[in-house]
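1. need a 3D model of the following:
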Amino acid sequence: MAATVVPYNLQLRREARAEGLFRRLTMFCAFLVLALLAGVMLALVYGGWPAIKTFKFGFLTSAVWNPVTEKFGALAPLYGTVITSLIAMLIAVPLAFGIAVFLTETCPRWLRGPIATGIELLAAVPSIVYGIWGLFVLAPILQHTIQPWLIAHVRPIPGIGELFRGPPFGIGLLTAGVVLAVMVLPFITSVMREVFLATPRSLKEAAYGLGATQWEVVWDVVLPNSRAGVIGGIMLGLGRALGETMAVTFVVGNAHRISTSLLAPGTTISASIANEFTEAVGNLYTSSLIALGLLLFVLTFTIIAGARLLLMRLNARGGIAA
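-> The predicted structure follows:
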């Protein structure tokens, strides 16, 4: 029996229908993400509107958080969120860069796999485990060794000495920042490692052929070629640090106050919401906590959007390889 021959025009129409269906499906998925983002934003605005209407701009400038008198201000949690995230980035980014360079440039082949696997496994550890480790292992070490050393040797230095004044509590902003650094390290390292591996081998061989050292190849060839991915990895880690809840709740101290000392207890937006949402009594109290969530959403969105705009400007100037 002769095989059935599909007319050429009919086959074209089928392919056109399939292509149109695929295009509409992908467009639906893209707009679904935007709709979910807008829905989250509207829900937070709606829930936090009573607090925004009551305190107005003072909600951002006041550090008072008193459920008894129903006076709420977001300055202390906002301050703690920014400071702990900055500490985490200052620690994690150089470490991640060093690990990524080691794995891609100098690490023996037999050791590369186990180290990369171990780093990726760190990302799978639940945040509450990091919190328990920070409270029962890291905090005592900081309290009895590192923090007393900082108080004795760094405290007398003008300017930065104010960052390490006060007694060594063990828990506080510094401890929370260190825990966050350990948590975001595998994310930043993995992204940096992948973008470093994506650098064309011919570029590195050409640099070596011109007499460049290994450090010059990394700094002048690998990093400029993968700068967009590096910044993207840092933003991914920063987003994780800004929104982390349970691990920070264990070690930050959960005190609604602002202190210039990194050794003092503090709080973050996510920790405040986690600690107090189940105990919130009254519409204004609950609305203030939702307004904190809105503030965290806006802060994270602003930072990521700013990073994307920076990448676009650098790319337009030819400073970043595609």
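
2. mind listing what residue 93 touches?
-> By CB atoms under 8 Å, 6 or more residues apart in numbering, residue 93 lies in contact with 188, 234, 237. C-beta coordinates here come from the backbone N, C-alpha and C atoms, glycine included.

3. hmm, 7 Å instead?
-> For residue 93, the contact set (CB atoms under 7 Å, 6 or more residues apart in numbering) comprises 188, 234.

4. do the same with residue 157
-> Per CB under 7 Å, 6+ apart, neighbours of residue 157: none.

5. so which residue is smack in the middle of the chain?
-> Note on the chain: the residue nearest the mean C-alpha position is residue 238, at 2.1 Å, using CA atoms, centre = their mean.

6. pretty sure that one is in a helix, no?
-> Yes: residue state for residue 238 (DSSP: H, G, I helix; E, B strand; the rest coil) corresponds to a helix.

7. show me where the stretch 1-150 of the chain has strands.
-> For the stretch 1-150 of the chain, the strands defined by DSSP state E, counting those that start in this stretch occupy 65-66, 71-72.

8. for residue 168, find the nearest of those strands.
-> Residue 168 lies closest to strand 65-66 among those, at 25.3 Å (CB to CB).

9. picking that back up, from residue 187, how far out is the residue nearest to the centre of the chain?
-> 10 Å (CB to CB, to the nearest Å).

10. who's in contact with the residue nearest to the centre of the chain?
-> Residue 238 makes contact with 85, 89, 303, according to CB under 7 Å, 6+ apart.

11. so which of those comes closest to residue 22?
-> Proximity of those to residue 22 (CB to CB) peaks at residue 303, which lies at 34.2 Å.

12. now name the helix or strand holding that closest one.
-> Element membership of residue 303 [criterion: DSSP states H and E] is helix 283-316.

13. output the contacting helices and strands for that helix.
-> Judged by 3 or more CB pairs under 7 Å, 6 or more residues apart in numbering; DSSP states H and E, helix 283-316 is in contact with helix 8-55, helix 75-101, helix 227-243, helix 269-276.

14. need these in a markdown table (columns: mean pLDDT and distance to residue 259).
-> As requested, the helices and strands packed on helix 283-316 are arranged in a markdown table below (pLDDT from 0 to 100; distance: least, CB to CB, whole Å):
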| stretch | mean pLDDT | distance to residue 259 |
| --- | --- | --- |
| helix 8-55 | 89 | 23 |
| helix 75-101 | 94 | 9 |
| helix 227-243 | 87 | 20 |
| helix 269-276 | 91 | 16 |
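
15. out of those, the one nearest residue 263 is which?
-> Smallest distance to residue 263 across the helices and strands packed on helix 283-316 (CB to CB): 11.8 Å, for helix 75-101.

16. ok so, going back, of all the helices and strands packed on helix 283-316, which one is nearest residue 124?
-> Comparison of these against residue 124 by CB to CB identifies helix 227-243 as nearest, at 13.5 Å.

17. gap between the closest one and the chain center?
-> Its chain's average C-alpha position is 5 Å from that of helix 227-243, according to CA atoms, centre = their mean, to the nearest Å.

18. then stretch 276-287?
-> With CA atoms, centre = their mean as the basis, stretch 276-287 stands 27 Å off its chain's centre.

19. give me the distance between the two termini of that stretch.
-> Terminal residues of stretch 276-287 lie 12 Å apart, using CA to CA, to the nearest Å.

20. what do you get for stretch 255-275?
-> Using CA to CA, the end-to-end distance of stretch 255-275 comes to 11 Å.

21. just the buried positions in that stretch, please.
-> For stretch 255-275, burial by neighbour count (16 or more other CB atoms under 10 Å) applies to 255-256, 258-259, 261-274.

22. check stretch 176-190 too.
-> Going by neighbour count (16+ other CB under 10 Å), the buried part of stretch 176-190 is 176-190.

23. next one: stretch 79-98
-> Buried residues in stretch 79-98, counted by 16+ other CB under 10 Å: 79-81, 83-85, 87-89, 91-93, 96-97.

24. tabulate these (a markdown table), appending distance to residue 51.
-> As requested, the buried residues of stretch 79-98 are exported to a markdown table (distance: CB to CB, whole Å):
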| residue | distance to residue 51 |
| --- | --- |
| 79 | 18 |
| 80 | 19 |
| 81 | 18 |
| 83 | 23 |
| 84 | 23 |
| 85 | 23 |
| 87 | 29 |
| 88 | 28 |
| 89 | 30 |
| 91 | 34 |
| 92 | 33 |
| 93 | 35 |
| 96 | 38 |
| 97 | 41 |
